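Student: Generate a structure from the sequence data that follows.
(chains A and B)
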Amino acid sequence: MIQKRVIHALFMREILTRYGRHNIGFLWLFVDPMIFIALIGVFWQLTRGHQFSTVSTLAFAVTGYSSVHLWRSMPAQCMSAILPNSTLLYHRQVKPMDFYLSRLLLEGMGVTMATSFLIFVLAGGGWMPWPADPLQLILAWVLLAWFGAALGLLIGPLSERSALVGKIWAPISYLMFPLSGAFFLTYQLPPQVCEFMLWIPMVHGVEYMREGYFGAVVPFFYDLPYLIACNLGLTLLGLTQVRWVSRGILVE
Amino acid sequence: MLEVRNLSKFYPVRGGKRVILDGINLRLEKGQKLGILGRNGSGKSTLIRLLGGCEAPDSGTIDRGMRLSWPLAFHGGFHNSLTGLDNLRFICRIYGTTIEDKIPFVQEFSELGKYLNEPVKSYSAGMQARLAFALSMIIEFDCFLIDEIVAVGDDRFAHRCQVELFEKRADRAMIIVSHNPTYIRKHCDCAAVLLDGRLHQFDDLEEGFAFYQANQ
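Tutor: Take a look at the predicted model:
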């Protein structure tokens, strides 16, 4: 109950510094993915769009971009989340965990809103189909958000432990970008590569999400228990790190 | 009643740990006003932060039988990038009270005028102290933790604190940390001295002062 109050207060506070009092800051949440998706869409239409004849190029780009956006931006928000808020720890009901939860909530809601907006505009305008199985799409989205949140709870406290983590995270997340399954369909890969790719948890989420969007028009590869197990493992690992950071914190 | 048992705190330093508080015991009844004396670096502020719950002790327990304020100090408790008004909203939200009816008092007491809509980081030390003090007065507490806050204010601010805190809220308990004996003598009815990580509590104010002077 108290924690709910604190997270609400922190949520409102994060909105103020993230998006400011002027609504243009809030608009960036939508403009950023739209520019990206427009570029991808044009690129594919011009070059090799015909190769994906069974699935809509635009929907492919939307699902790919939003999934990466989701699991990349949540950990990014958790990095160095403590310092700008540390003076608020003077109130004993405010805990470092609340900083992480409020930021994860804000980021998850922002990306979800931006993605829903894109789907409604693009599908409503007739540029791409509506999702075949919205329920599966939502479930896949939730699993990917869980992955992002768990990664955030791990990366966030680690970044407090060493500044190196923040520096290493940027190249790693760029490296994971093409590996995350966002920009290919697994069934088109050579079998050995496919086998390797299926070790990466996000691939399962993206494949499941795409099946939800397109229907089973092509074979999709995913193992939900594997993804859930990875999420659980990451969450537990993350919680131990949050605990560590909460104990060691120095209030100025 | 506030009861502290066997409280210890140490900070890691190069090649070991530095003991700040070494098994401290403390009792405070409702309405009692305790002044804690100690030299610079004796652990006064650490003790206040532990009591306020901003930091976790390494061992020992704190039994907060009453509503303790957060440590009132020059900084801490509010967010520098937010405006004074947004900080007011934040604090009302985390303590679960209504917001709008608190604004007039904060406006009146802090005398910040238009600055209430500016980020706190643009405030002077005196302005921050006025805001911190005004914000702590809008939440109902049984015991106030005060860490030298009045030292930065001018006479006018000191007088207004006097009225709001020591006259209007004379029935509340207080723990005041200071190395200024005059201030403690004026506002407290008992004293404690922090010396080498230990707390020596005296029911009689003058006994506390005598002990403090003897160990200067």
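Student: A:M202: neighbour count?
Tutor: 25 (other C-beta atoms under 10 Å in any protein chain shown). (C-beta placed from N, C-alpha, C; glycine too.)
Student: can you pull the contacts of it?
Tutor: Listed by C-beta atoms under 8 Å, 6 or more residues apart in numbering or on different chains, the contact set of A:M202 reads A:S67, A:W71, A:L144, A:F147, A:M176, A:S180, A:G181, A:A182.
Student: Nearest to chain B among the residues you listed?
Tutor: Closest approach between the contacts of A:M202 and chain B, by C-beta to the nearest C-beta: A:W71, at 27.5 Å.
Student: Which strand or helix spans the residue nearest to the spatial centre of chain B?
Tutor: Among the residues of chain B, the one closest to the centroid is B:I146, at 2.2 Å (C-alpha atoms, centre = their mean). Per DSSP states H and E, B:I146 falls inside strand B:143-147.
Student: And the next helix or strand past that strand?
Tutor: Downstream of strand B:143-147 (by DSSP H and E), the next one is helix B:155-161.
Student: looking only at pLDDT, what's the mean for that next one?
Tutor: Helix B:155-161 comes out with an average pLDDT of 83.
Student: Then stretch B:93-102?
Tutor: 93.
Student: Which residues does it contact?
Tutor: Residues contacting stretch B:93-102 (C-beta under 8 Å, 6+ apart): A:2, A:5-6, A:8-9, A:12, A:91, A:93-94, B:88-89, B:92, B:138-139.
Student: Which elements pack onto the helix or strand B:R49 falls within?
Tutor: When secondary structure is defined by DSSP H and E, B:R49 falls within helix B:44-52. Helices and strands touching helix B:44-52, by 3 or more C-beta pairs under 8 Å, 6 or more residues apart in numbering or on different chains; DSSP states H and E, are strand B:2-13, strand B:16-28, strand B:33-37, strand B:143-147, strand B:173-178.
Student: would TSV of those with distance to B:Q216 and mean pLDDT be doable?
Tutor: Putting the helices and strands packed on helix B:44-52 into TSV (distance: least, C-beta to C-beta, whole Å; pLDDT from 0 to 100) gives the following:
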stretch	distance to B:Q216	mean pLDDT
strand B:2-13	24	90
strand B:16-28	20	90
strand B:33-37	10	92
strand B:143-147	21	89
strand B:173-178	15	90
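Student: Please identify the most buried of the ones you listed.
Tutor: strand B:33-37 (a mean of 26; mean count of other C-beta atoms under 10 Å in any protein chain shown).
Student: Report the angle between that one and strand B:16-28.
Tutor: 150 degrees (axes from the mean of the first three to the mean of the last three C-alpha atoms, to 10 degrees).
Student: Strand partners (parallel or antiparallel) of strand B:33-37?
Tutor: strand B:173-178 (parallel), strand B:190-195 (parallel) (DSSP bridges).
Student: domain ranges for chain B?
Tutor: B:1-69+B:143-216, B:75-140 (automatic domain parsing).
Student: What helix or strand is A:Q241 located in?
Tutor: Going by DSSP H and E, A:Q241 is part of helix A:224-248.
Student: tell me the angle of that helix relative to strand B:2-13?
Tutor: Going by the same axes, to 10 degrees, helix A:224-248 makes 100 degrees with strand B:2-13.
Student: how far away is B:N180 from chain A?
Tutor: 22 Å (C-beta to the nearest C-beta, to the nearest Å).
Student: burial count for that residue?
Tutor: For B:N180, the neighbour count with other C-beta under 10 Å is 14.
Student: and the strand holding B:I146, does that touch chain A?
Tutor: No: judged by C-beta under 8 Å from any C-beta of the partner chain, strand B:143-147 and chain A are separated, with a smallest distance of 10.0 Å.
Student: Pick out the residue in the stretch 51-200 of chain A sitting closest to chain B.
Tutor: For the stretch 51-200 of chain A, C-beta to the nearest C-beta, closest residue to chain B: A:R92, 2.8 Å.
Student: Quick one: classify that residue as helix, strand or coil.
Tutor: coil (DSSP: H, G, I helix; E, B strand; the rest coil).
Student: wouldn't A:L122 be in contact with A:T63 here?
Tutor: No: at 11.3 Å, A:L122 does not count as touching A:T63 under the criterion of C-beta atoms under 8 Å.
Student: what about the two, which has more around it?
Tutor: A:T63 (25 against 21).
Student: Can you tell me which helices and strands the worst-scoring helix or strand of chain A on mean pLDDT packs against?
Tutor: Here the helix or strand of chain A ranked lowest by mean pLDDT, DSSP states H and E is helix A:24-46, holding a mean of 72. Helices and strands touching helix A:24-46, by 3+ C-beta pairs under 8 Å, 6+ apart, are helix A:2-19, helix A:57-78, helix A:96-124.
Student: Up against chain B, what does chain A have?
Tutor: A:2, A:5-6, A:8-9, A:12-13, A:16-17, A:84-85, A:87-94, A:246-247, A:249-252.
Student: Need the nearest residue in space to A:L185, chain neighbours excluded.
Tutor: Distances taken as C-beta to C-beta, 6 or more residues apart in numbering or on different chains put A:V218 closest to A:L185, at 6.3 Å, once the chain neighbours are dropped.
Student: Find me the pLDDT at the one you found, would you?
Tutor: 87.
Student: Backbone torsions only: list them for it.
Tutor: Note on A:V218: backbone dihedrals following degrees, to the nearest 10 are phi -130, psi 160.
Student: Identify all contacting residues around the least confident helix or strand of chain A.
Tutor: Outside helix A:24-46, the residues that reach it (C-beta under 8 Å, 6+ apart) are A:18-19, A:52, A:57-58, A:60-62, A:64-66, A:69, A:110-111, A:113-115, A:117-118.
Student: got a list of what the residue nearest to the spatial centre of chain A touches?
Tutor: Closest to where the C-alpha atoms of chain A average out (C-alpha atoms, centre = their mean) is A:L70, at 1.6 Å. Contacts for A:L70 were tallied using C-beta under 8 Å, 6+ apart; they are A:G108, A:V111, A:T112, A:T115, A:W141, A:L144, A:A145, A:G148.
Student: For chain A, give me its nearest residue in chain B.
Tutor: Counting by C-beta to the nearest C-beta, chain B gets nearest chain A through B:G53, at 2.8 Å.
Student: Nice, that's everything, thank you.
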